[in-house]
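Chemist: Structural data only, the sequence is not supplied:
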């Protein structure tokens with residue numbers, strides 16, 4: 001914040017035509033913020049699309065508008081007289097740990113649950129086969145360097161945690177507790193959804209975990225022309241259901 005709103009504006013004010021460069025600079029900040037919001041809204045609407053495809057198909061515009069309005073009203077607290085304290089609190093707790101934890105879980109899911117070599121086969125299906133030397137760097141990053149670095153950064157940031165403060169003003173205990181609640185609310189849905197999927201699976205606890213850690217039967221490119229040899233025999237439950245319905249309808253027709 002000091003760099004964007006104090007140092008840069010002061011430096012730009014010393015240049016010839018300072019107001020012009022200041023306008024360009026803050027317009028750039030505005031476009032950066034809008035670009036980030038596009039990605040955030042798309043993430044939310046895509047999740048709703050996956051959960052309720054029929055509803056989203058009919059009401060995509062109202063749902064997207066509703067998400068924007070909700071986030072707009074939630075963000076109003078950041079433009080009050082105490083807004084900088086809220087922004088600093090959110091940035092202190094949510095900007096780093098949430099992304100780190102999500103990245104660690106993603107690398108675990110891709111490399112050790114789905115399988116790094118299987119992931120490479122999927123990529124080669126799209127870009128063509130590559131020599132082993134091509135994948136040496138990526139395997140080194142995915143299997144060794146990235147997990148170690150992410151875990152080290154996360155552990156070090158937890159060890160070095162200090163009570164947040166803005167300037168010389170420390171946050172009260174309720175503010176620190178609110179910050180912990182915010183980061184918990186951001187990441188708790190990952191284990192919650194994992195537990196729900198395990199409960200809904202069949203078999204004993206080990207069979208359920210194994211089932212949830214395997215790709216679904218219809219996993220692969222959505223369009224048949226993109227499946228190639230790797231996914232040419234994949235099960236498509238929707239097509240199978242439609243085929244069964246059509247067979248039942250044909251059998252009921254009078255001869």
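Modeler: Done, it's in. None of these values were measured; they are calculated from a predicted model. Residues are numbered from 1 along each chain as shown.
Chemist: SS state for residue 139?
Modeler: helix (DSSP: H, G, I helix; E, B strand; the rest coil).
Chemist: how far away is it from residue 165?
Modeler: For residue 139, the distance to residue 165 equals 43 Å [C-beta to C-beta, to the nearest Å]. Using the backbone N, CA and C atoms, a C-beta is placed for each residue, glycine as well.
Chemist: Next: residue 32.
Modeler: Residue 32 sits 26 Å away from residue 165, going by C-beta to C-beta.
Chemist: Where does the record place the domain boundaries for the chain?
Modeler: 1-79, 83-220 (the TED database).
Chemist: low pLDDT regions in the stretch 51-200 of the chain?
Modeler: Along the stretch 51-200 of the chain, no part satisfies pLDDT under 70.
Chemist: for it, what spans make up the strands?
Modeler: 165-166, 169-170 (DSSP state E, counting those that start in this stretch).
Chemist: Please identify the pairing partners of the last one and their relative orientation?
Modeler: Just to be clear, that refers to strand 169-170. Applying DSSP bridges, strand 169-170 is found paired with strand 165-166 (antiparallel).
Chemist: for residue 153, what are its contacts?
Modeler: By C-beta atoms under 8 Å, 6 or more residues apart in numbering, residue 153 lies in contact with residue 100.
Chemist: now it: how far from residue 54?
Modeler: For residue 153, the distance to residue 54 - C-beta to C-beta - is 42 Å.
Chemist: Which residue lies nearest the spatial centre of the protein?
Modeler: Nearest residue to the geometric centre of the chain (C-alpha atoms, centre = their mean): residue 43, 6.9 Å.
Chemist: Pull up the per-residue confidence for residue 245.
Modeler: pLDDT for residue 245: 39.
Chemist: Test my guess that residue 146 contacts residue 107.
Modeler: Yes - Residue 146 is within contact range of residue 107, at 5.6 Å (criterion: C-beta atoms under 8 Å).
Chemist: which residue ranges form the helices in this structure?
Modeler: 2, 8-13, 18-51, 53-58, 60-75, 83-94, 97-108, 116-127, 132-140, 146-159, 173-187, 189-200, 205-212, 237-252 (DSSP state H).
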